[in-house]
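Peer 1: pasting the sequence and the predicted coordinates here, then a few questions.
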Amino acid sequence: MRKFISLAFAGITAGMIALFGATAQASTAKVTGDCARVAKADRKLCTAILRHHSYGAVLPGGGSTFTPNGRALVHELTHQGLTKTELHAGLRAIDADYRANVTAVPVNMDALVRKCGNTDGRYVVSYQDADGHPGGLKLTHVVAQCA
């Protein structure tokens, strides 16, 4: 009976080490890459910015601008010799700019090519006020137009 109890205890101990040992290793894993240069409190934001894709925006005067992907922006920001406070402000500015200029309207270019039969087409995205209140619910309309 003692042998059975000691084997059961050893099995439970091994299971606990396997369960909680992996968690402890994951939390103390060394951060590598450009996000290792920012403060620990900003690493979650930094890794979120790494997933940003490149985008373009039309300026009010009629011109346009292009912003590279998040990996390039983080690399550029972290290799300028800035302080942790300046890095924090830069990361927040990059994230705010991304949220202000990138929409969540999905565009399926393959469907546009299938509908038009060629690459001469465009999507027209419009919004319709759904509840009649300013800033309220908006419905998105995406219409494919062939040239």
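Peer 2: Sure, I can see it. What you see is a predicted model; the values in this text were computed from it and never measured.

Peer 1: show me where this structure has its strands.
Peer 2: 55-58, 64-67, 121-129, 138-146 (DSSP state E).

Peer 1: partners of the first one in the sheet?
Peer 2: Looking at strand 55-58 with DSSP bridges, its partner strands are strand 64-67 (antiparallel).

Peer 1: what about the partner strand, distance to the chain center?
Peer 2: The chain centroid and the centroid of strand 64-67 are separated by 19 Å, computed with Cα atoms, centre = their mean, to the nearest Å.

Peer 1: residues contacting that strand, please?
Peer 2: Applying Cβ atoms under 8 Å, 6 or more residues apart in numbering, the contact partners of strand 64-67 are 54, 55, 56, 57, 58, 59, 73, 97, 98, 101. Yep, even glycine has a C-beta here, placed from its N, CA and C like the rest.

Peer 1: list only those of these flagged as buried.
Peer 2: Using 16 or more other Cβ atoms under 10 Å as the burial test, the contacts of strand 64-67 include 73, 98 as buried.

Peer 1: just give me the closest of the contacts of strand 64-67 to residue 86.
Peer 2: Lowest distance from residue 86 to those (Cβ to Cβ) belongs to residue 73, with 14.5 Å.

Peer 1: which residues does that closest one contact?
Peer 2: 49, 52, 67, 94.

Peer 1: just put the residues you listed in CSV and tack on distance to residue 77, pLDDT and neighbour count.
Peer 2: Formatted as CSV, those follow (distance: Cβ to Cβ, whole Å; pLDDT from 0 to 100; neighbours: other Cβ atoms under 10 Å):
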residue, distance to residue 77, pLDDT, neighbour count
49, 9, 95, 24
52, 12, 91, 21
67, 13, 89, 18
94, 7, 95, 20
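
Peer 1: how about these, which pair is most distant?
Peer 2: Longest span within the contacts of residue 73, Cβ to Cβ: 49 and 67, 11.5 Å.

Peer 1: between those two, what contacts are shared?
Peer 2: Here residue 49 and residue 67 have 73, 98 as joint contacts, going by Cβ under 8 Å, 6+ apart.
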